[in-house]
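Chemist: Structure for the following, please:
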Amino acid sequence: MKLIILDRDGVINEDSDDYIKSPEEFIPLPGSLEAIARLNHAGFRVLVATNQSGIARGLFDLDTLHRIHEKLRRQLAALGGEIEAILFCPHGPDDNCTCRKPKPGLLRDIADRLQFSLEEVPAVGDSLRDLQAAQAVGARPLLVRTGKGERTLAQGEGLEGVPVYADLASAVEALLAESGDS
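Modeler: Model prediction:
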């Protein structure tokens, strides 16, 4: 099974320190949706694992989050792409849950649902916590410079052996070339 796990904000769409609180604020990064469609066409199952603490903070509700994800799915479908599942952590940083990255709960949930080991499965993120969650389950973390990626690079910690790409499109290009699907 070809599988890839993506973070959402900063990888697929523009990120904001004020959170993405509405479908109108959800703006795909250039080339990201096309990259997901390319993955689908190459036989990859694409899943998203995303922290969405704006719910716990009262900035938006579950209905709004579902409308944001519906917009993403519609835009992807127009390009012949799809995301198999979007798993999210609705908790805040102080809730001490097991699903908020850098904890690996969301990724373990993916493994359990698919009955599939995430060993060496590519996991694309823009923050250290994305990389740490991937490493905790044996997945292969990939860092993009979009979103918080430049900040993550500047901090320089936890990046040993982690490939860095300009954006999701370039990460996908490299993965497809590596797997012979380019």
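Chemist: low-confidence ranges in this protein?
Modeler: For the chain, the stretches with pLDDT under 70 are 182.
Chemist: So which other helices or strands are in contact with the longest helix along the chain?
Modeler: Ranked by residue count under DSSP state H, the longest helix found in the chain is helix 62-77. The contact analysis (3 or more C-beta pairs under 8 Å, 6 or more residues apart in numbering; DSSP states H and E) places helix 62-77 against helix 32-41, strand 85-89. Every C-beta, even on glycine, is put in place using the N, C-alpha and C of the backbone.
Chemist: want to throw these into a markdown table with mean neighbour count and distance to residue 102?
Modeler: Below are the helices and strands packed on helix 62-77 laid out as a markdown table (neighbours: other C-beta atoms under 10 Å; distance: least, C-beta to C-beta, whole Å):
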| stretch | mean neighbour count | distance to residue 102 |
| --- | --- | --- |
| helix 32-41 | 21 | 23 |
| strand 85-89 | 18 | 11 |
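Chemist: Distance to residue 106 for the ones you listed - can I get that in TSV?
Modeler: Shown next, in TSV, are those (distance: least, C-beta to C-beta, whole Å):
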stretch	distance to residue 106
helix 32-41	18
strand 85-89	5
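Chemist: Let me know which of those is the nearest to residue 100.
Modeler: Across the helices and strands packed on helix 62-77, residue 100 has its closest neighbour in strand 85-89 (4.4 Å, C-beta to C-beta).
Chemist: Mind listing the strands that closest one pairs with, and their directions?
Modeler: In the sheet, strand 85-89 lines up against strand 44-51 (parallel) (DSSP bridges).
Chemist: Restricting to C-alpha, output stretch 7-15 in PDB.
Modeler: Presented in PDB, the C-alpha positions along stretch 7-15 are these (Å, rounded to 0.1, in the frame of the first residue of the first chain):
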ATOM      1  CA  ASP A   7      -0.300  18.100   7.900                       C
ATOM      2  CA  ARG A   8      -2.900  20.700   6.800                       C
ATOM      3  CA  ASP A   9      -2.100  24.300   7.700                       C
ATOM      4  CA  GLY A  10       1.200  25.400   6.200                       C
ATOM      5  CA  VAL A  11       1.500  22.300   4.000                       C
ATOM      6  CA  ILE A  12      -1.700  22.200   2.000                       C
ATOM      7  CA  ASN A  13      -3.000  25.700   2.700                       C
ATOM      8  CA  GLU A  14      -1.800  29.000   3.900                       C
ATOM      9  CA  ASP A  15      -1.200  29.100   7.600                       C
END
